[in-house]
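Visitor: Quick check, what structure comes out for this input:
(chains A and B)
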Amino acid sequence: MKIDARGQNCPIPVIMANKEIEKSTLTFTVLVDNAIAVENLNRLALNKGYKVETKEIGADFYVNFVGDENSVHGNSAGDSEIVSTADAAVHTGNWVLFMGKDIIGTGDPVLGGNLIKMYFYTLSQGDCLPDAILFMNDGVKLPSVNDQVVEHLKVLAERGCDILVCGTCLDFYKLTEQLQIGTISNMYDITEKINGAAKVVTL
Amino acid sequence: MIYYVITFANTHSAISTQSHLETCAKITIMPTLREISAGCGISIRFSPEELDHVMAGLKTWNLSPEMFQIYEITEKDGKILPSQFIDKLLT
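Guide: Residues are numbered from 1 along each chain as shown, chains lettered A, B, ... in the order given. Here you go, the predicted structure:
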């Protein structure tokens, strides 16, 4: 079974592959022509319990999905956490979320604090996940001391989002010991993520 | 999966009730479900295990009954089924 997704922009190759997974096809190949699509397909495979092998032939990539009946979990859904994981972790491509604050917008901090909790609640339940979430300055308070947001970030991390937290900022606010989720990172890695993204969202 | 949601007539009631309930129960702030019509976009979610704590908290809070509603939410096969939850403790 071969799916030709060349010339298709993200998230189309992922959606095409996901359709095949939903049909419980155990072995199939997706043909794509860019490295980002390969990366997103790898992530999909990981989430769904498939193994992948990628062959580069000329300008094309052949991404082979190999699953067995015991490992694939196309329709699995966990509901033990306070926030359930939605069934399909479809990454809509190459975007990152940059959090330089621990609230949404400017204005009342209590309202802004509620909005950010509701944003991560909604993001963690949806299908449109960022490749990475980057935390800097006041933003580092979210993965360290905001317990509700930490719960949502755990779900997002499980679903394949990279969570990078500025080490300098954690140190400045004396929060390094309190970091609950994410990787302590630096300006090089964070800048790389921003430069590599097609879209950067800041709230 | 079953959980409970409190919706509010306005944002200020939601925020003040949230601060009060945070002292006595484990709650989660969430956007008001599309399936529920309410005056305010902020809702408070809690699990069945927290029901007693939340009810006790609401009792001491004295928020007038027309300012909020409690729903029991059932999520089944990806569908959200809200039903109004009337608690005798409050009346």
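
Visitor: State the distance from the residue in chain B sticking out farthest from the centre to residue B:1.
Guide: The centre of chain B is farthest from one residue, residue B:77, which by Cα atoms, centre = their mean lies 22.6 Å away. As judged by Cβ to Cβ, to the nearest Å, residue B:77 and residue B:1 stand 11 Å apart. Bear in mind the C-beta positions are built from the backbone N, C-alpha and C, glycine included.

Visitor: List the buried residues in stretch B:10-18.
Guide: The neighbour-count check on stretch B:10-18 (16 or more other Cβ atoms under 10 Å in any protein chain shown) flags B:13, B:14, B:15, B:17, B:18 as buried.

Visitor: out of the residues you listed, who's nearest residue B:67?
Guide: Closest approach between the buried residues of stretch B:10-18 and residue B:67, by Cβ to Cβ: residue B:13, at 4.8 Å.

Visitor: Return the backbone torsion pair for the closest residue to that closest one other than its chain neighbours.
Guide: Once flanking residues are discounted, residue B:13 sits nearest to residue B:67: 4.8 Å by Cβ to Cβ, 6 or more residues apart in numbering or on different chains. Note on residue B:67: its backbone torsions stand at phi -90, psi -10 [degrees, to the nearest 10].

Visitor: what sits against residue B:67?
Guide: Applying Cβ atoms under 8 Å, 6 or more residues apart in numbering or on different chains to residue B:67 gives the contacts B:8, B:9, B:10, B:13.

Visitor: burial count for the second one?
Guide: Which is residue B:9. 16 (other Cβ atoms under 10 Å in any protein chain shown).

Visitor: so what's it closest to, chain neighbours aside?
Guide: The spatial neighbour of residue B:9 that comes closest, neighbours along the chain excluded (Cβ to Cβ, 6+ apart), is residue B:39 at 4.2 Å.

Visitor: So the one you found sits against residue B:8, correct?
Guide: Yes. Using Cβ atoms under 8 Å, residue B:39 is in contact with residue B:8, at 6.7 Å.

Visitor: Which of the two has more residues huddled nearby?
Guide: With neighbours defined as other Cβ under 10 Å, residue B:39 and residue B:8 compare such that residue B:8 has more, 24 against 15.

Visitor: Any part of the longest strand seen in chain B near chain A?
Guide: Using DSSP state E, we find that the single longest strand of chain B is strand B:68-76. Yes. Using Cβ under 8 Å from any Cβ of the partner chain, strand B:68-76 reaches chain A at residue B:75.

Visitor: Let me see the mean pLDDT of that strand.
Guide: The pLDDT scores in strand B:68-76 average 91.

Visitor: How far off centre is that strand?
Guide: Relative to its parent chain, strand B:68-76 has a centroid offset of 8 Å by Cα atoms, centre = their mean, to the nearest Å.

Visitor: neighbouring strands for that strand, and are they parallel or not?
Guide: Strand B:68-76 has the following sheet partners, assigned by DSSP bridges: strand B:2-8 (antiparallel), strand B:79-84 (antiparallel).

Visitor: Would you mark the buried spots in it?
Guide: Across strand B:68-76, burial judged by 16+ other Cβ under 10 Å covers B:68, B:69, B:70, B:71, B:72, B:73.

Visitor: Compile these into CSV and extend it with columns for distance to residue A:182.
Guide: Formatted as CSV, these follow (distance: Cβ to Cβ, whole Å):
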residue, distance to residue A:182
B:68, 35
B:69, 36
B:70, 35
B:71, 33
B:72, 34
B:73, 30
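
Visitor: Return the closest of those residues with respect to chain A.
Guide: residue B:73 (11.7 Å; Cβ to the nearest Cβ).

Visitor: Point out where chain B drops to low pLDDT.
Guide: Across chain B, the ranges flagged by pLDDT under 70 are B:86-91.

Visitor: Write out the residues of it neighbouring chain A.
Guide: Going by Cβ under 8 Å from any Cβ, the residues of chain B near chain A are B:1, B:11, B:14-15, B:18, B:28-31, B:41-42, B:45, B:47, B:75, B:78.
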